[in-house]
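J.: build me a model:
(chains A and B)
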Protein chains: 2
Amino acid sequence: MSALPRPSEDDLIARYLAPLAGPGGLGLRDDAAVLTPRPGHDLVLTTDAVVAGVHYFPDDPPASLAVKALGVNLSDLAAKGAAPRGFLLTLALSDAWEEGWLSAFCTGLGEMAARHGCPLLGGDTVRAAGPTLLSIAALGEVPAGRMVRRFTAQAGDELLVSGSIGDAALGLRLRRERDAPWAVAIGEAHRRHLADRYLHPRPRLALAPALAAHARAGMDVSDGLVGDLAKMLRASGCGAEVETAAVPLSAAAAAATAENPALLATALTGGDDYEILCAVPPAEVAALTARAAAAGVPLTRIGTVTGDRAPPRFRDRDGSPRRFDSGSFSHF
Amino acid sequence: MSALPRPSEDDLIARYLAPLAGPGGLGLRDDAAVLTPRPGHDLVLTTDAVVAGVHYFPDDPPASLAVKALGVNLSDLAAKGAAPRGFLLTLALSDAWEEGWLSAFCTGLGEMAARHGCPLLGGDTVRAAGPTLLSIAALGEVPAGRMVRRFTAQAGDELLVSGSIGDAALGLRLRRERDAPWAVAIGEAHRRHLADRYLHPRPRLALAPALAAHARAGMDVSDGLVGDLAKMLRASGCGAEVETAAVPLSAAAAAATAENPALLATALTGGDDYEILCAVPPAEVAALTARAAAAGVPLTRIGTVTGDRAPPRFRDRDGSPRRFDSGSFSHF
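T.: The predicted model follows:
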């Protein structure tokens, strides 16, 4: 099928993947890896897969795909308050894979892994017999008993989100409607920002220790703020009041929604933010916010957890209720 | 596409996967699981994927596929001397998936997980946009520092294998040449045995503690004895002398190779045995064999590790060398 002979599985592992291995990965020369959490720590485990044509565009740069495949897993670890220890990779390649693509993917993966101190521990390489699929299982550690749960929010907790919401969803819209009036109007720098946020998740690992110390509940925002907030509160048996105007937008997203107010719903319900949503006891908010600022991560208060079990209520600045059609984005 | 409405991802998880979750899986209500090895133990990690049409027949019974998907991972843990603690599952479903198939798969997976004390800890469910793919990351534990390595065999060690070799490869041949003279000649009971061994790996977990205590090196035989032995010895910088006639065959495989001697090469080079191959210092062989017998797992001596770095040499009963064409089976 391909013009050039391709390496065997063993060659591929030795050439492209073994250089990414940490000490626990034993140079990928074994069938398994070994890992031990530091004394007084629990291991935190998460797994997420991305599929060509479902979770990313097949023509996305391979190094960007590497950032996304590992980044979405690291984002889960960050939300749980965990520091990364390593990852396992299942690489299911389409029959049309090319060595240049693989080489660029592995270089990008190695850079992302090194940046976040999360070495490759092991993996499996198979024929997908369909679109390329990457499944990563990431392992992190938290002080024993301190993993930040999703289902433990309590009435009275304040709701905070990191960074800015909606950039990635608007970046995805840009890929599909490059010439829409709003896309033209916001200008090149804003377009670049939104496109970059769609391609490159920035896992908020710098926030993890502060979350483990101060947050009562948390999760990463991957399927849209509106839907993920509903998930966290349903799991916790609570409701919430959220001020729509308080949701932090980047300058680019603010420009886009100013041009086209309907885009606010895209921003708040679209996926791929990879920011942190957390519920924090009021007495802990100041300490958490200060530590987040010291770590260079903005945290913004967007609302309050309530004691009812109704879906979260969003209100506009004038107090009028706001409804969002699409509850949560699903790739499934 | 399907006749009946299918459950959403959340419903699917709640209905079919949450019942399989162990305590560390938090009822699959969180984005991550938590796990801590017992004091004085290391965690052992492995991952293996199976793809419809590549690693199994799409019409294999779904419960059998569950046994295979989890079994191939548990087999790796067993070879490393590890006791299972839990697993993560990536379930990438073809667009044609049906709820009945999924229900039967999950029931089989739950039974396999319960039988081996290996609960589901978490996972991800995605559209494969191609054939169904199952990737499992399994976690086990060994006494600290005792993981059985692949690359540590030494000259003078004895080579042993568990159970019987070649049944699964002959079972796969049977699927493809049901009416071959040998297949007809061996009779129904033998055919059933071979077919069952292809469908249902039996991870040798009962052997794990004895391996951690007595083996110098080991791996599971998944890609054919000839190729996997070469892999282990190459990684260890050693060679080997193997007596072909000493390789343990089941009554069914012995009957098949008696009917058609060319099938011996299939048995020794074909994949999917999921037996244990290990290198054992001579002084430890008696203790290991006794513990294996007590655990109900036969272990057979097939040869000796040598100090040269040549590929393993196989000899027939009369001492004449025997060559095998296909070194190792690869699904890649």
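
J.: drop to CA atoms for contacts and neighbour counts, all remaining ones
T.: Will do.

J.: the helices in chain A, which residues?
T.: A:9-12, A:62-79, A:99-115, A:167-176, A:181-186, A:188-199, A:208-214, A:225-236, A:251-259, A:263-269, A:282-294 (DSSP state H).

J.: which strands and helices lie in contact with the third one?
T.: Spelled out, that is helix A:99-115. On a contact count with 3 or more CA pairs under 8 Å, 6 or more residues apart in numbering or on different chains; DSSP states H and E, helix A:99-115 meets helix A:62-79.

J.: what is the orientation angle of the helix it packs on with helix A:99-115?
T.: Here helix A:62-79 runs at an angle of 30 degrees relative to helix A:99-115 (axes from the mean of the first three to the mean of the last three CA atoms, to 10 degrees).

J.: could you pull up the contacting residues of the residue most central in space within chain A?
T.: For chain A, A:Y274 is the residue whose C-alpha lies nearest the centre (CA atoms, centre = their mean; 3.1 Å). Shown in contact with A:Y274 (CA atoms under 8 Å, 6 or more residues apart in numbering or on different chains): A:V72, A:S75, A:P201, A:R202, A:P203, A:R204, A:D220, A:V221, A:S222.

J.: mind redoing it with 7 Å?
T.: A:V72, A:S75, A:P201, A:R202, A:P203, A:D220, A:V221, A:S222 (CA atoms under 7 Å, 6 or more residues apart in numbering or on different chains).

J.: up against chain B, what does chain A have?
T.: Proximity of chain A to chain B is confined to A:9, A:30-36, A:42-49, A:51, A:76, A:88, A:122-124, A:126-131, A:149-150, A:331-332 under the rule CA under 7 Å from any CA of the partner chain.

J.: show only the entries of these found in strands.
T.: A:33-35, A:42-49, A:51, A:88, A:122-124, A:126-127 (DSSP state E).

J.: what's the local residue count around the closest residue to chain B within the stretch 51-200 of chain A?
T.: Per CA to the nearest CA, A:G130 is where the stretch 51-200 of chain A lies closest to chain B, at 4.5 Å. When neighbours are counted by other CA atoms under 10 Å in any protein chain shown, A:G130 registers 21.

J.: and the one 4 residues further on, by the same measure?
T.: Neighbour count of A:L134, defined by other CA under 10 Å: 22.

J.: bridging residues for it?
T.: Note on A:L134: beta-bridge partners A:V50, A:L91, judged by DSSP bridges.

J.: tell me the bridge partners for the closest residue to A:D76 other than its chain neighbours.
T.: Nearest non-adjacent residue to A:D76, counting by CA to CA, 6 or more residues apart in numbering or on different chains: A:D220, 5.9 Å away. Counting by DSSP bridges, A:D220 is bridged to A:I276.

J.: for the residue nearest to A:P248 when sequence neighbours are not counted, report the pLDDT, please.
T.: Counting by CA to CA, 6+ apart, A:P248 lies nearest to A:S164, which is 5.0 Å off, once chain neighbours are set aside. Turning to A:S164, the model gives it a pLDDT of 98.

J.: got a list of what A:S164 touches?
T.: A:S164 touches A:P248, A:L249, A:S250, counting by CA under 7 Å, 6+ apart.

J.: burial check on the residue nearest to A:D76, number of neighbours?
T.: Using other CA under 10 Å: A:D220 sits among 31 other residues.

J.: find me the pLDDT at it, would you?
T.: At A:D220, pLDDT is 97.

J.: quick one, what contacts it?
T.: Taking CA under 7 Å, 6+ apart, one finds A:S75, A:D76, A:A79, A:Y274, A:E275, A:I276, A:L277 in contact with A:D220.

J.: in CSV: those residues, plus pLDDT.
T.: CSV is the format used below for those (pLDDT from 0 to 100):
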residue, pLDDT
A:S75, 98
A:D76, 97
A:A79, 98
A:Y274, 98
A:E275, 98
A:I276, 98
A:L277, 98
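
J.: where in chain A is the helix or strand with the lowest mean pLDDT?
T.: helix A:9-12 (a mean of 84; mean pLDDT, DSSP states H and E).

J.: tell me the confidence at A:L159?
T.: Value listed for A:L159 in the pLDDT field: 98.

J.: not counting its neighbours along the chain, what's nearest it?
T.: A:A279 (4.7 Å).

J.: number of nearby residues for A:V221?
T.: 26.

J.: ok, back up a step: can you flag the buried ones in the residues of chain A next to chain B?
T.: A:30-36, A:42-49, A:51, A:76, A:88, A:122-124, A:126-131, A:149-150, A:332 (16 or more other CA atoms under 10 Å in any protein chain shown).

J.: now do the contacts for A:R322.
T.: A:R322 neighbours (CA under 7 Å, 6+ apart): A:F314, A:R315, A:D316.

J.: can you check A:A189 too?
T.: Counting by CA under 7 Å, 6+ apart, A:A189 has no contacts.

J.: any idea how far it is from A:T257?
T.: With the distance defined as CA to CA, to the nearest Å, A:A189 ends up 16 Å from A:T257.

J.: still on that earlier bit, what's the spacing between the residue of the stretch 51-200 of chain A closest to chain B and A:I186?
T.: Taken as CA to CA, the span from A:G130 to A:I186 is 38 Å.

J.: next one: the residue nearest to A:D76 from A:L172, what distance?
T.: 19 Å.

J.: one more: A:I13?
T.: Taking CA to CA, one finds A:I13 at 33 Å from A:L172.

J.: what does A:G187 give?
T.: A:G187 is 16 Å from A:L172, by CA to CA.
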